[in-house]
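Asker: Provide a 3D model corresponding to the input given below.
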Amino acid sequence: MELPTSTPLPLDASEPLDVLVVGAGVAGAYAAWRLKTGTMTGSSGLPHDPDDRRIALVESSLRVGGRLESLAVPEAAGLHAEFGGMGFTSKNTILTALVDQVFELRAEPFPRGDGHNLFYLRGVHLTMDDITSGVQVPYRIDPDESKKGPMGLIIDAIERVLPGASGFTPDQWADVKENFVFRDRHLRDIGFWNFLLMNMSSEAFAFAHDATGHFFEVSNWNCAEALPWLLGDGTATYRTLTDGYDQLPLSCARAFIQAGGMFQAGLGADAIEENPDGLLAVSFGAAGTVRARRVVLALPQRALRLLAPSSPVLARPDVSELLASVTGHRVMKIFLAYRYPWWEELQITKGSSSTDLPLGQCWYFGPPAPQDSSNCVLMASYNDTVATTYWEGLEGVDAFENPLGGGRFWTEQSPSTLMVAEVQRQLAEVHPDVTIPDPYAAAYRDWSIDPFGGAFSTWNVGVRAADVETRMLHPDPAVPLHVVGSTYSSDQGWAEGALATAERLVTETIGLVTPPWLPAG
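Answerer: Below you'll find the model as predicted:
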């Protein structure tokens, strides 16, 4: 991944910026681009001529993308390991418009598995075909229940309370979120785990939980937000970006720079102060300070909390309460590259398999061009919550030896040799009757580390999410400080949530016109 180059940030300059955007993930890169290039309304405080707007984007790391990280797999041309987000749906209207109309990025169907993909649960091997044909699973549930599969059981539990929920429209979900009462409580005042276990047996829940390979999907977050998050996609189609999902924020950043925007990486903000003249002063430690008429923080919860002690607006009790309205989820991914797709011996070609081992899920990505190379990559472990602590116990200084030319970030994210050996052992347990070769390359990412605090966040029980989302766009109306990103959005964990909050900010708060490529409504 090559960083865009531009005019450096004007540190300690006398002339203030119109807007400083902190954080070059999806929300930050998009917001900076829109602010620099968008058409203004008469009520805006920005110059109407884009050439006159002084907009800057800064990033504390040395890459663009935030929690979208697509690394080229060493010695496997055309393959990218997606350490963060992986795909998007046809219902992601802003993202789809950017991909298909604005930047014309290469996209393809998101790889799905078939009946040969595996479940390894309670020591029993099953295939997807076994599940759908009604083979008894190692849980004390009826054969008719096991035939429905894990997601079918969850949908059944939801539709016992909300008949037809899997086909609800956005307006119907909005009504449910605002008005529906369950067990004398508003849905926002009960956890999703509570709701499910009250409507399905403990064994059915255990099967559904184990077979997904994750806990975050059924964990105890705000039920009013969890239900449409889980079912709201309906019949949407899924795609991914052929050249890596981080091409989306990179395209926004490049377009911003080409329009004359200022960008600088490796610059982390450590304090935000209000000046008597109404400007905000953002300190970057020894590097200097920047004054701006507005500051947009495109940062996750943990990064905001790290910044709050030295930033009076963020430290205020009412704003601290807003910051605390979500919980970050620990997620780790481990990728292994092989010289050939060994899983094809089991007739598995793509998609995922799941287990109740600490591996969680594994995803198969075969050679994109077999005529050139048979090298391939496996997302060998996609795990979360407690499982991440298992792999943390295997971290260490004995880094796996990756091939030369693997790229800076791939090398920096090398797991320990012991971690790779344990992944291999668990893979062998999940995949019977096949000899798994040694990997030639390996990398991993634990999103719980600072400044991320988790791969994504979910709304806490008792929170009115829509109210908080709106307030976070401008926590204090008297101070020109704004927060955007998927963390405080109605589409948490998805790039669309990040884009939607950024678009709301630039149109509703700052005064840009909705672009012609964005569908109305």
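Asker: correct me, but Thr458 touches Asn220?
Answerer: No: judged on CB atoms under 8 Å, Thr458 makes no contact with Asn220 at a distance of 9.3 Å. For glycine as for every other residue, the C-beta is placed from the backbone atoms N, C-alpha and C.
Asker: Of these two, which one has the most company?
Answerer: Thr458 (25 against 19; other CB atoms under 10 Å).
Asker: give the contact list for the closest residue to the more buried one other than its chain neighbours.
Answerer: Leaving aside its sequence neighbours, Thr458 sits nearest to Trp221 (CB to CB, 6 or more residues apart in numbering; 3.8 Å). Trp221 is in contact with 191-192, 327, 458-461, counting by CB atoms under 8 Å, 6 or more residues apart in numbering.
Asker: Check Gly366 too.
Answerer: Per CB under 8 Å, 6+ apart, neighbours of Gly366: 341, 344, 349-350, 376.
Asker: which one of those residues has the most neighbours?
Answerer: Counting by other CB under 10 Å, top hit in the contacts of Gly366: Cys376 with 23 neighbours.
Asker: got a list of what that one touches?
Answerer: Counting by CB under 8 Å, 6+ apart, Cys376 makes contact with 76, 79, 337-338, 340-341, 364-367.
Asker: what do you get if the cut-off is 10 Å, keeping everything else the same?
Answerer: 73, 76, 79, 336-344, 364-368, 370 (CB atoms under 10 Å, 6 or more residues apart in numbering).
Asker: cool, and Val124?
Answerer: Per CB under 10 Å, 6+ apart, neighbours of Val124: 130, 135-139.
Asker: I'd assumed Pro150 was in contact with Val218.
Answerer: Yes: using CB atoms under 10 Å, Val218 is in contact with Pro150, at 9.5 Å.
Asker: Name the residues contacting each of those two.
Answerer: 205, 208-209, 212.
Asker: For stretch 459-472, buried residues please.
Answerer: 459-461, 463-466, 468-469, 471-472 (16 or more other CB atoms under 10 Å).
Asker: for the helix or strand of the chain with the lowest mean pLDDT, the distance to its chain's centre please.
Answerer: Lowest by mean pLDDT, DSSP states H and E among the helices and strands of the chain is helix 143-161, with a mean of 88. Put simply, helix 143-161 sits 27 Å off its chain's centre (CA atoms, centre = their mean, to the nearest Å).
Asker: Wait, Ser310 touches Ala271, no?
Answerer: Yes: under the criterion of CB under 10 Å, Ser310 makes contact with Ala271 at 3.7 Å.
Asker: which residues do the two both contact?
Answerer: In contact with both Ser310 and Ala271: Ser283, using CB under 10 Å, 6+ apart.
Asker: I'd like to know which of the contacts of Gly366 is nearest to Asp384.
Answerer: Nearest to Asp384 among those is Lys350, at 21.8 Å by CB to CB.
Asker: residues of stretch 408-416 that come out buried?
Answerer: 409-411, 413-416.
Asker: Kindly report the same for stretch 217-225.
Answerer: 217-225.
Asker: then it to CSV, C-alphas only?
Answerer: Taking Å, rounded to 0.1, in the frame of the first residue of the first chain, the C-alpha atoms of stretch 217-225 are listed here in CSV:
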residue,chain,number,x,y,z
GLU,A,217,-23.2,-11.4,17.0
VAL,A,218,-25.3,-12.7,19.9
SER,A,219,-23.7,-10.9,22.8
ASN,A,220,-25.6,-8.7,25.2
TRP,A,221,-25.8,-5.4,23.3
ASN,A,222,-28.8,-3.1,22.8
CYS,A,223,-31.6,-5.4,21.5
ALA,A,224,-33.4,-2.6,19.6
GLU,A,225,-30.2,-2.0,17.6
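Asker: Now find how far off-centre that stretch is within its chain.
Answerer: 17 Å.
Asker: Could you tell me the average pLDDT over that stretch, please?
Answerer: Average pLDDT, stretch 217-225: 93.
Asker: In contact with the residue nearest to Gly38 when sequence neighbours are not counted, which residues?
Answerer: Excluding its sequence neighbours, the residue lying closest to Gly38 (CB to CB, 6+ apart) is Leu512, at 3.9 Å. The neighbours of Leu512, taking CB under 10 Å, 6+ apart as the test, are 34-35, 37-41, 44, 46, 503, 505-506.
Asker: Quick check: of these, which lies closest to Tyr120?
Answerer: Glu503 (42.4 Å).
Asker: quick check, the closest one in a helix?
Answerer: Yes: under DSSP: H, G, I helix; E, B strand; the rest coil, Glu503 falls within a helix.
Asker: rewinding a little: from the contacts of Gly366, which is closest to Ala287?
Answerer: For the contacts of Gly366, the nearest to Ala287 is Cys376 (42.4 Å; CB to CB).
Asker: Okay, helices next: where are they in the stretch 1-150 of the chain?
Answerer: 26-37, 93-97, 128-133, 143-161 (DSSP state H, counting those that start in this stretch).
Asker: packing partners for the third one?
Answerer: With contacts taken as 3 or more CB pairs under 10 Å, 6 or more residues apart in numbering; DSSP states H and E, helix 128-133 sits against strand 118-121, helix 143-161, strand 351-355.
Asker: For the stretch 1-150 of the chain, give me the ranges with low pLDDT.
Answerer: 1-3, 42-44 (pLDDT under 70).
Asker: go again using 80 as the cut-off
Answerer: 1-8, 12, 42-45, 143-144, 146 (pLDDT under 80).
Asker: Just the strands from it, written as ranges.
Answerer: 17-22, 55-59, 70-72, 80-82, 88-89, 107-109, 118-121, 124-127 (DSSP state E, counting those that start in this stretch).
Asker: The residue nearest to Phe180 when sequence neighbours are not counted - how many residues pack around it?
Answerer: What sits nearest to Phe180 in space, not counting adjacent residues and going by CB to CB, 6+ apart, is Leu187, at 5.4 Å. When counting by other CB under 10 Å, one arrives at 24 neighbours for Leu187.
Asker: Test my guess that Leu187 contacts Val161.
Answerer: Yes: Leu187 is within contact range of Val161, at 9.4 Å (criterion: CB under 10 Å).
Asker: which residues are in contact with both of those two?
Answerer: Joint contacts of Leu187 and Val161 (CB under 10 Å, 6+ apart) are 176, 180, 195, 227.
Asker: Now the second one: phi and psi?
Answerer: Phe180 has phi and psi values of phi -70, psi 140 when expressed as degrees, to the nearest 10.
Asker: about what we covered before: show me the contacts for the residue nearest to Phe180.
Answerer: 161-162, 176-181, 195, 222-227, 461.
Asker: out of the strands of the stretch 1-150 of the chain, deepest packed?
Answerer: strand 55-59 (a mean of 27; mean count of other CB atoms under 10 Å).
Asker: what residues are up against Gly123?
Answerer: Residues counted as contacts of Gly123 (CB under 10 Å, 6+ apart) are 138, 356-357, 429.
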